[in-house]
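>>> Sharing a model that was predicted from the sequence below.
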Amino acid sequence: PSDLSSLAPWSWVASRLFLSIFMLLCCFTSRTEVSYENRRITEKFVYLGTALFTFACFGIIALVPLPAAYNPDIFFHRPAEFIPAVIFLVSLILLLRNGHWKQFYFEHWLVLSLIVAFISQAVFMSHSAQLFDYSFDLAHLLKKAGYICVLTGLLISMYMTFKTEEKNSFRAVSQANMALEAELAMRSRIEARLVKREKELLRSNQELEQFAYIASHDLQEPLRKIQSFGDRLQSHYAEALDERGCDYLQRMRSAAGRMSTLINDLLAFSRIKANTGNHSHVDLNEVLKGVLSDLDWQIEEARALVNSQSLPSLQADGIQMRQLLQNLIGNSIKYRSPDRLPQIDIDCLNEPGYCVIRVKDNGIGFEPQYAQQIFEVFQRLHSRNEYDGTGVGLSVVRRIAEAHGGTAEASSIPGEGSVFIVKLKLKT
């Protein structure tokens, strides 16, 4: 219903009013002291506001006859342009008072854009008398210059943001490299300490092996002489000694025998190490038969019943496997209950990656708090008068298990019996 002379100026008014309102909203939200996320104008709000404003303007232009946009009788020939001009001016004042335009490139160029937009509005509403006259074209040129200012500020801001991010990234990479270099230096120091500790450990093992050699030769030789002379005294001069002398002689021979046993046990304990070069295919059933044959006299004397299920085969040190089973069975026989015949059950449990040997007895048992102590060297729960031994047998069991990548543990109920579980890692 409107002619072109009214439609073009009013479409100008609509576009400038839309732009000025959004500029005012941006300036207002930037002044509120809230978090950035809360004051940010979202894309959804922009799209929805644009759509509503566009449909409203289209409906008015399409359905309502528009009045003449030019009125020569008043100072502002185009009074409808006064509203966008005022909004541009208010937005400019808010942005200048905010002070951010001095710090941020985009807002600096936005100030220039608002100045140009206000001048454009002033020129258009006060001097343009008809379409496409000099003032009309100048206002359009200034409007485009305002858009170019915004675009320029946006591009400069994006470029500076990119350079800042690049600088921050470079700084972060530099810091990460410094941290990595520090970590590598620390690891180098740790590796150097580990190498030093390894050398010390090797030297300690060599010293232990030397001690084992001394124990097996130099210490055993005097003991053998003591035992030999003790035997000679017992054989040839026992009748010449009184009762006290015979008692002293018996104590000397007994002490020498215990010392010899202790040295042999320590020697056996020190020689156990994780030497995979001696590992071979070992059938535990055959090993168990040999152990039961060696312990035949003790089993018969204790009237013990030994039950065993089928045991697996594995890659291990055959001598150490024999020693492990012999120590476990011998321990169960030694600490049998006087109230019942000893019974020892040997079987194997299923656990992925491990051969789990379980030895269960009905002996005297022990208190649960001693479950770890019994595996330590020289740790005894009973006096020598009650049970003989050196307190090394179970220590040897644990050391053999650890040398094969496993563990040894025990549980017990006092007066009912004990269960010993040895885990040996299977090797493919």
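Structure's in. What do you need?

>>> ok, Asn331 to Val377 distance?
15 Å (Cβ to Cβ, to the nearest Å). Heads up, the C-betas are built off the backbone N, CA and C, glycines and all.

>>> do the same with Cys355
Distance from Cys355 to Val377, counting by Cβ to Cβ: 25 Å.

>>> higher neighbour count, these two?
Neighbour totals were compared for Cys355 and Val377, and Cys355 leads with 22 against 15 (other Cβ atoms under 10 Å).

>>> Tell me who's in contact with the more buried one.
By Cβ atoms under 8 Å, 6 or more residues apart in numbering, Cys355 lies in contact with 284, 312, 314, 348, 423-426.

>>> Among the residues you listed, the buried ones, what's the ChimeraX command?
Once 16 or more other Cβ atoms under 10 Å is used to decide burial, the buried members of those can be selected in ChimeraX as follows:
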select :284,314,423,424,426
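
>>> quick one: which of the contacts of Cys355 sit in strands?
The strands in this structure, assigned by DSSP state E, contain 314, 348, 423-425 from those.

>>> Which of those sits closest to Asn177?
Lys425 (41.0 Å; Cβ to Cβ).

>>> what number of residues lie near the closest residue to that closest one other than its chain neighbours?
Of all residues beyond its chain neighbours, the one nearest Lys425 is Gly405 (3.3 Å), with distances taken as Cβ to Cβ, 6 or more residues apart in numbering. If you count neighbours by other Cβ under 10 Å, Gly405 ends up with 15.

>>> quick check, Gly405 in a helix?
No - Gly405: not assigned to a helix; according to DSSP: H, G, I helix; E, B strand; the rest coil it is coil.

>>> Quick one: low-confidence residue ranges for the stretch 301-428 of the chain.
Residue ranges of the stretch 301-428 of the chain with pLDDT under 70: 378, 382-385, 389-390, 428.

>>> Let's test this: name the helix or strand in this protein with the lowest mean pLDDT.
Counting by mean pLDDT, DSSP states H and E, the weakest-scoring helix or strand in the chain turns out to be helix 36-39, with a mean of 51.

>>> which is the next helix or strand following that helix?
Tracing the chain past helix 36-39, the next element assigned as helix or strand by DSSP states H and E is helix 43-63.

>>> buried residues in stretch 287-300?
Under 16+ other Cβ under 10 Å, the buried positions of stretch 287-300 are 287-288, 291-292, 295, 299.

>>> Now do the helix or strand hosting Glu209: distance to the chain's middle.
If you go by DSSP H and E, Glu209 is part of helix 134-214. Relative to the centre of its chain, helix 134-214 is centred 21 Å away, using Cα atoms, centre = their mean, to the nearest Å.

>>> Extract the C-alpha set from stretch 421-428 and format it as CSV.
Only the C-alpha atoms of stretch 421-428 are listed here, as CSV (Å, rounded to 0.1, in the frame of the first residue of the first chain):
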residue,chain,number,x,y,z
ILE,A,421,49.8,-71.6,50.6
VAL,A,422,52.7,-71.2,48.2
LYS,A,423,52.2,-69.4,44.9
LEU,A,424,54.7,-70.0,42.1
LYS,A,425,54.5,-67.9,38.9
LEU,A,426,54.1,-70.0,35.8
LYS,A,427,56.5,-69.3,33.0
THR,A,428,55.6,-69.9,29.4
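
>>> hmm, who's touching that stretch?
Applying Cβ under 8 Å, 6+ apart, the external contacts of stretch 421-428 come out as 276, 279, 314-316, 324, 328, 349, 351, 353-359, 397, 401, 404-411.

>>> Now, of those, which are buried?
Neighbour-count burial within those applies to 279, 314-316, 324, 328, 354-357, 359, 397, 401, 404, 406-408, 410; the criterion is 16+ other Cβ under 10 Å.

>>> Show me the buried residues of stretch 287-300 that map onto helices.
Secondary structure assignment (DSSP state H) places 287-288, 291-292, 299 from the buried residues of stretch 287-300 within helices.

>>> Can you tell me which of these is closest to Thr164?
Lowest distance from Thr164 to these (Cβ to Cβ) belongs to Val287, with 73.8 Å.

>>> which residues does that closest one contact?
318, 321-322, 325.

>>> Can you check the pLDDT for it?
Note on Val287: pLDDT of 91.

>>> where's it relative to Gln220, distance?
Note on Val287: its distance to Gln220, by Cβ to Cβ, is 28 Å.

>>> ditto for Val377
20 Å.

>>> returning to what we had before: between the contacts of Val287, which sits nearest Leu138?
Met321 (104.8 Å).

>>> returning to that earlier point: neighbour-wise, which one of the contacts of Val287 leads?
The most crowded member of those, judged by other Cβ under 10 Å, is Leu325 (26 neighbours).

>>> which secondary structure element contains that one?
For Leu325, the enclosing helix or strand under DSSP H and E is helix 318-334.

>>> Now do that helix: everything it contacts.
Contacts of helix 318-334 with the rest of the structure, by Cβ under 8 Å, 6+ apart, involve 268, 272, 278, 280, 282, 284, 287-288, 290-292, 294-295, 298-299, 302, 304, 306, 342, 344, 346, 357, 359, 361, 363, 387-389, 393-394, 396-397, 400-401, 403-404, 418, 420, 422.

>>> So which of those residues are in strands?
280, 282, 306, 344, 346, 357, 359, 361, 418, 420, 422.

>>> got a winner among those residues for most neighbours?
With neighbours taken as other Cβ under 10 Å, the top of the ones in strands among the contacts of helix 318-334 is Asp361, carrying 27 neighbours.

>>> That residue against Glu416, yeah?
No - at 9.8 Å, Asp361 and Glu416 do not qualify as touching, with contact defined as Cβ atoms under 8 Å.

>>> Distance of Leu219 relative to Ser332?
Distance from Leu219 to Ser332, counting by Cβ to Cβ: 31 Å.

>>> Neighbour count for those two, which is higher?
The residue with the greater number of neighbours, taking Leu219 and Ser332 and applying other Cβ under 10 Å, is Ser332; the counts read 25 against 16.
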